[in-house]
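In: I'll drop the sequence and a predicted model, then ask my questions.
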Amino acid sequence: MMNLFSRFKRLLGIVADPAASGSAPLATAPVIKPAGNADAARVLDRIAHVCREISKGNFEARLVNITESGQLADAQHAVNDMIDRCDAFVREASAAMDAVRQHKYYRRILREGMHGSLDIAAELINGATAAIERRVTAFDANTAKFEKSVEVVVDTFTNASAAMGDTANELSHGASVTRERS
């Protein structure tokens, strides 16, 4: 099975004959005539370097100063576009989750320009944020109800305690009056 870099080398014309590389030809791979194998190898090295940076979590890495034209330039721009979309998702998801952490549920992932798995994940995270908001709102309402119930109970005990105190004073006064008469 041909790995990704082998396919990319073939696409860039570094491996001209798939039979010579021991790989089956790709059905969708276009036949290209790069400016030269040295140019293609240099571009592939730059792409590999940026991909390694991305795999380390450095979403700031980009292919810059693209001077090639044609498919060599297209490949580099495609890599940058892929990084941009992944970076946008990471930033949007981070901002949305940071807002949830701060009990702010208005911040959703902006799904514009997201496709495939990124869009599906954004939709799931936005749905989870909405569900958390509903649960927190319901919990807050139940807490307020519980606090009101506790307040009623405390008021009832306070009133009952005061009434008992009044009754105790009356009994004490009655006992004193009775003692004085006897």
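Out: All right, it came through fine. Numbering: from 1, shown residues only.

In: What's the local residue count around Val154?
Out: Under the neighbour criterion other Cβ atoms under 10 Å, Val154 is assigned a count of 10. C-betas here are computed from N, CA, C, even on glycine.

In: Can you name every helix or strand that the one helix or strand it maps to contacts?
Out: Per DSSP states H and E, Val154 falls inside helix 116-181. Helices and strands touching helix 116-181, by 3 or more Cβ pairs under 8 Å, 6 or more residues apart in numbering; DSSP states H and E, are helix 70-101.

In: Let's test this: mean pLDDT of the helix it packs on, rounded?
Out: Averaging the model's pLDDT scores along helix 70-101 yields 92.

In: Show me which residues of it are buried.
Out: Along helix 70-101, the positions that meet the burial threshold by neighbour count (16 or more other Cβ atoms under 10 Å) are 71-72, 75-76, 79-80, 83, 85, 87-89, 92-93, 96, 100.

In: Out of these, which is nearest to Gly127?
Out: Nearest to Gly127 among these, counting by Cβ to Cβ, is Ala96 at 11.5 Å.

In: From Ala162, how far off is that closest one?
Out: Taking Cβ to Cβ, to the nearest Å as the measure, Ala96 and Ala162 are separated by 52 Å.
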